[in-house]
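Sequence first, predicted model second:
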Amino acid sequence: MRNLGIVALCAVLGGCSRWLLSIAVVSALLLGASASRASDDEQIAAIYGIGSESCGRFVAAATDNKPGAYRAMTRPEGSYVNDLQRYQQWMMGFVSAINSTRPNLDSQIKVDLAGMDLWLRNWCNQHPTDSVYHGLMIFTTKH
């Protein structure tokens, strides 16, 4: 399994069954996903999408946007959003996937996008070279 990167992707796209999501998250947790690295140089989960990017990139994308907000532009060719919206969608999918493995509502993460966004900005400001995934794994262990 490709662990939580696939879990987040499936949750965002709505394309995986709850059973598959649960198996992916459980396998990642069994591999020690309380931290995204076994050491500073060894990552233990294959992470896909924007969550694999550095916190520095996330902070740069978040600059000039309020927590939980993003910029959108509508043009004749379609709607366009800034990079922050991509991070936010990945974050929500990731946390939704984690929640799908928690046995009841009382143990699930209950925070709105603005709260999660603000928490990750603060953490990433202190850890700019770590990945967004790593920050969200820390977030899920604290919530």
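Done, it's in.

Out of the helices and strands in the protein, which is least certain?
strand 37-39 (a mean of 41; mean pLDDT, DSSP states H and E).

now the residue nearest to Asn99 when sequence neighbours are not counted: how far from Ser79?
Once flanking residues are discounted, Asn99 sits nearest to Gln108: 4.3 Å by Cβ to Cβ, 6 or more residues apart in numbering. From N, CA and C alone the C-beta is placed, and that goes for glycine too. Distance of Gln108 to Ser79, computed by Cβ to Cβ, to the nearest Å: 31 Å.

Those two: which has the busier surroundings?
Between Gln108 and Ser79, Gln108 has the larger neighbour count (other Cβ atoms under 10 Å), namely 15 against 8.

Cross-check the contact I'm expecting between that one and Thr101.
No - using Cβ atoms under 8 Å, Gln108 makes no contact with Thr101, being 9.4 Å away.

tally of neighbours for Cys55?
Burial measure for Cys55: 22 neighbouring residues, criterion other Cβ under 10 Å.
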